[in-house]
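S.K.: Here's my sequence, what's the structure:
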Amino acid sequence: MPKTPLTRVPVWLAALAAVGSLAGCSKAVVLNPAGDIAAQQGHMVIQATLLMLIIIVPVIALTLWFAWKYRHNNAANTEDDYDPDWHHSTTLELVIWTVPLIIIIALGALTWIGTHKLDPYRPLDRISSSKPLDAQSTPLEVQVVAMDWKWLFFYPELGIATVNELAAPVDRPILFKLTATSTMNAFYVPDLAGMIYAMPGMQTELNAVINQPGVYKGMSSHYSGSGFSGMTFKFHGLSQGDFDQWVAKNKSEGKPLTRQTYLDLVKPSERDPVQRFASVEDGLYDKVLNRCVEDGKMCMHHMMSIDERGGEAFMKAQGLNLPQDVCTVGNAAQVVAALEARHAAVYDRTLSRQ
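M.R.: Modelled structure (predicted):
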């Protein structure tokens with residue numbers, strides 16, 4: 001039995017339809033974000049694209065025009081159009097070299113200015129394009145810890161913490177300080193700002209602001225293992241009143257975040273629900289950053305301070321004989337006190353010589 005022929009759609013037309021359908025379902029958040037920093041970054045993408053299209057569009061158009069004009073069966077071409085000895089045009093050379101050079105200079109200037117203006121470590125100088133920064137305002141500090149495979153957020157100003165949920169008032173600057181527990185990761189809220197890496201034993205910073213109330217998607221944008229796909233969270237942009245209610249909810253429903261609670265929390269797990277902590281043990285984030293949450297483990301900044309002053313030789317000169325593998329918390333405090341005393345003595349001698 002003969003098969004009924006099916007209408008075959010060209011591949012390129014099907015691909016175009018698929019892309020169009022995806023575009024209709026997406027709000028193109030990178031180009032239409034709810035935060036001023038992300039908006040400025042989106043504008044840079046648009047400006048750079050338009051500058052490059054100044055070259056791309058004419059080149060494509062001329063390629064098609066040349067192919068059409070000089071096709072083999074074009075009756076309009078005459079012998080007079082054939083010039084085998086042509087090899088140079090000053091005007092054409094000027095256009096070919098000058099226009100791209102100007103575009104490269106413009107792209108370089110745009111990138112240089114944007115790189116410095118949108119430096120993630122740079123404090124904000126405005127709330128939005130139409131709203132200047134209040135000189136009296138202070139940023140909301142959020143300390144971020146990337147775990148396997150969840151996010152822990154400390155609010156030192158408020159004394160609370162959350163897992164896989166983040167909130168901030170609209171139009172208030174936010175200062176993120178980020179670190180990680182094991183593998184390098186990347187913190188990314190597309191509506192807020194570009195992504196920023198979080199690394200164990202190091203601290204990165206990100207300054208941003210959210211300008212519209214809403215619930216926005218946050219994610220890990222750097223592969224970090226089997227639970228990577230579920231390492232997401234919700235970022236709530238709230239009015240000041242709603243944010244105060246959110247804080248009160250965390251304090252009423254949450255439990256204390258102690259060192260032992262953190263050690264249980266840091267164990268790898270996937271797709272964790274939101275957790276709330278009404279209080280946080282003093283100095284816990286600093287211990288996470290310096291990798292000394294466990295009892296009997298010296299903090300990294302203490303180790304570096306000892307190494308800076310001579311390492312083992314300095315310890316022996318101070319009458320300390322610490323084990324090579326594990327240092328107790330008590331010994332660490334003794335070493336730090338010795339370091340401070342030595343620093344004060346060196347400072348006094350320097351002053352006396354002057």
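
S.K.: where along the stretch 1-150 of the chain do the helices fall?
M.R.: 11-25, 36-69, 90-117 (DSSP state H, counting those that start in this stretch).

S.K.: So what sits opposite the closest residue to Glu141 other than its chain neighbours in the bridge?
M.R.: Excluding the flanking residues, the one nearest Glu141 by CB to CB, 6 or more residues apart in numbering is Leu175, at 4.9 Å. (Each C-beta comes from the backbone N, C-alpha and C, glycine too.) Counting by DSSP bridges, Leu175 forms beta bridges with Glu141, Asn207.

S.K.: do Gly214 as well
M.R.: Gly237.

S.K.: Met219 now?
M.R.: Tyr188, Thr232.

S.K.: That one against Gly230, yeah?
M.R.: No - taking contacts as CB atoms under 8 Å, Met219 lies outside contact range of Gly230: 9.9 Å.

S.K.: Which of those two has more residues huddled nearby?
M.R.: Shown here are Met219 and Gly230; by other CB atoms under 10 Å, Met219 has more neighbours (19 against 15).

S.K.: Just the pLDDT at the more buried one, thanks.
M.R.: With respect to pLDDT, Met219 has a value of 95.

S.K.: who touches it in this structure?
M.R.: Tyr188, Val189, Met231, Thr232, Phe233 (CB atoms under 8 Å, 6 or more residues apart in numbering).

S.K.: I'd say Ile54 and Pro100 touch.
M.R.: No - between Ile54 and Pro100 there is no contact under CB under 8 Å: 9.1 Å.

S.K.: so where's the chain shaky on pLDDT?
M.R.: Within the chain, the ranges that satisfy pLDDT under 70 run 1-27, 80-81, 306, 308-354.

S.K.: If we use 50, what do you get?
M.R.: 1-9, 22-25, 324-327 (pLDDT under 50).

S.K.: would you list every one of the strands in it?
M.R.: Here the chain has its strands, by DSSP state E, at 126-128, 131-132, 140-146, 151-155, 160-163, 165-169, 174-180, 185-188, 196-198, 204-208, 214-220, 232-238, 255-257, 275-280.

S.K.: So which of these is nearest Thr111?
M.R.: Of all those, it is strand 196-198 that lies closest to Thr111, at 18.5 Å by CB to CB.

S.K.: Against Ala161, how distant is Tyr267?
M.R.: Residue 267: Lys, not Tyr. 17 Å (CB to CB, to the nearest Å).

S.K.: Neighbour count: the two, which is higher?
M.R.: Shown here are Lys267 and Ala161; by other CB under 10 Å, Ala161 has more neighbours (29 against 8).

S.K.: Find the nearest non-adjacent residue to that one, please.
M.R.: Phe277 (4.1 Å).

S.K.: shouldn't that neighbour be in contact with Glu253?
M.R.: No - counting by CB under 8 Å, Phe277 sits too far from Glu253 to count as a contact (9.7 Å).
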